[in-house]
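I'll drop the sequence and a predicted model, then ask my questions.
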Amino acid sequence: MSQATAKTESTKPYIIASTSPSRYPRGWFCIGADYEFTDQPMMLNYFGTSLVAYRGEDSKKVHVLDAYCPHMGANLADGCVKGDSVICPFHEWSWGADGFCNDIPYAKKIPEKARIRSWDCMEANELVYLWHDPDGGPPIEEQKIPDIEQASEDGWTPWYIRRVPVENNCRELIDNMADKAHFGPVHGSSNIVHFSNISEGHVYTQLMNADSAMGFMESNATYYGPGFMLHHATNSGNAENPPRRYMSLVMNVPTSMDSFEFLAGFKERIPVGMEGSIEAQMEYMKTIAEGAEERGVFADMRIWQNKVTINNPILCDGDGPVTKLRQWYDQFLVPIDQVPESLKERKVYDKS
Ligand code: FES
Ligand SMILES: [Fe+2]
């Protein structure tokens, strides 16, 4: 294909502007599948600190607290759960789900200052979510993660979750939503007959129909805030592959300003013959996740690991609405009273 070029002698090498966000995004972040959170404390290293997550024995709810015990600094994730409290392994101070110390086995009086941060959590779609606002605000009611219809249908396997550390700011992963031109080189898609993005408030959707190695694919990927993306797709099948319907998660939880945990999830229709065995289903899901290594959701990681943040990308007419997507994402990087009203409106960007 011959293309018009702007080549002139006076064109200077382009200077990439590269600054990462100066704060963490605000919103709900998916931190794993519900079955992963038990009465065994789990250590999470997110948002530049260490957290402990556990399921209360009484309430059966997931609780997340700051992990460092303010008595003498032990990590509560090394402790144990009693009722809805977590017991520090060092001197057995007991910390309630509200973050208040509620027992010191050897003290007459609990010091007034004995309180740690308790983080808001929620469960939906067989997943657990953590709220984070750098300004300390409570969860925003309209940003609560909805129960997504297809995730609650019968006949799906459990979520299979894989976590991978990535050394880059979490915003790098978000660009994917608008990046129409990477689906061929990175994921092997071809003949993209439809590609559009829809922005509305804190929700952002990518619709794509294209040829894939498993036949014609119809795909819908939606972010609910900055840290939970559910992808739902069907493949028509071809000579080598049967028709397929599946869901995946492509998510991030910041671990520091320069790193994030890439959290991928997979859910498939239960194959015939595996209905009675969760073990067989999870084994099958493991093979599905491994199959995503070369061309699937893990293919981007090779790019993310070594890429630079670019604030001023040179975009061409065949690119997706990268700038619009970034404007949408910026709402999570500013205090709530600075979010532009215009972002509430539904906007459709059709780049088919
Ligand atoms: S460090 Fe936690 S009880 Fe002492
Ligand atoms: Fe991608």
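Ah, there it is. Ligands and ions are numbered 1, 2, ... in the order given.

every contact and neighbour count from this point should use C-alpha atoms.
Noted.

residues in contact with stretch 326-339?
21, 23-27, 135, 175, 199, 202, 204, 225-226, 340, 343 (CA atoms under 8 Å, 6 or more residues apart in numbering).

in strands, which of the residues you listed fall?
G27, S199, Y204 (DSSP state E).

now, among the residues you listed, which is nearest to ligand 1?
Set against ligand 1, the nearest of the ones in strands among the contacts of stretch 326-339 by CA to the nearest ligand atom is G27 (29.7 Å).

what is the burial count for that closest one?
26 (other CA atoms under 10 Å).

same question, R326
Counted with other CA under 10 Å, R326 comes out at 16.

do you know how far it is from ligand 1?
Counting by CA to the nearest ligand atom, to the nearest Å, the gap from R326 to ligand 1 is 42 Å.

helix/strand/coil for that residue?
helix (DSSP: H, G, I helix; E, B strand; the rest coil).

out of the contacts of stretch 326-339, which end up buried?
Among the contacts of stretch 326-339, those buried by neighbour count (16 or more other CA atoms under 10 Å) are P21, Y24, P25, R26, G27, D175, S199, H202, Y204, G225, P226, L343.

tell me the pLDDT at the residue in the stretch 251-352 of the chain that ligand 1 sits nearest to?
Going by CA to the nearest ligand atom, ligand 1 is nearest to T255 of the stretch 251-352 of the chain, at 23.5 Å. On pLDDT, T255 comes in at 97.

so can I have a markdown table of the buried ones among the contacts of stretch 326-339 showing pLDDT and distance to F216?
Below are these laid out as a markdown table (pLDDT from 0 to 100; distance: CA to CA, whole Å):
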| residue | pLDDT | distance to F216 |
| --- | --- | --- |
| P21 | 90 | 37 |
| Y24 | 97 | 38 |
| P25 | 97 | 35 |
| R26 | 98 | 36 |
| G27 | 98 | 34 |
| D175 | 94 | 24 |
| S199 | 97 | 25 |
| H202 | 98 | 30 |
| Y204 | 98 | 23 |
| G225 | 97 | 29 |
| P226 | 97 | 29 |
| L343 | 93 | 33 |
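
which among the residues you listed gets closest to E290?
Of all the buried ones among the contacts of stretch 326-339, E290 sits closest to D175, with 23.6 Å by CA to CA.
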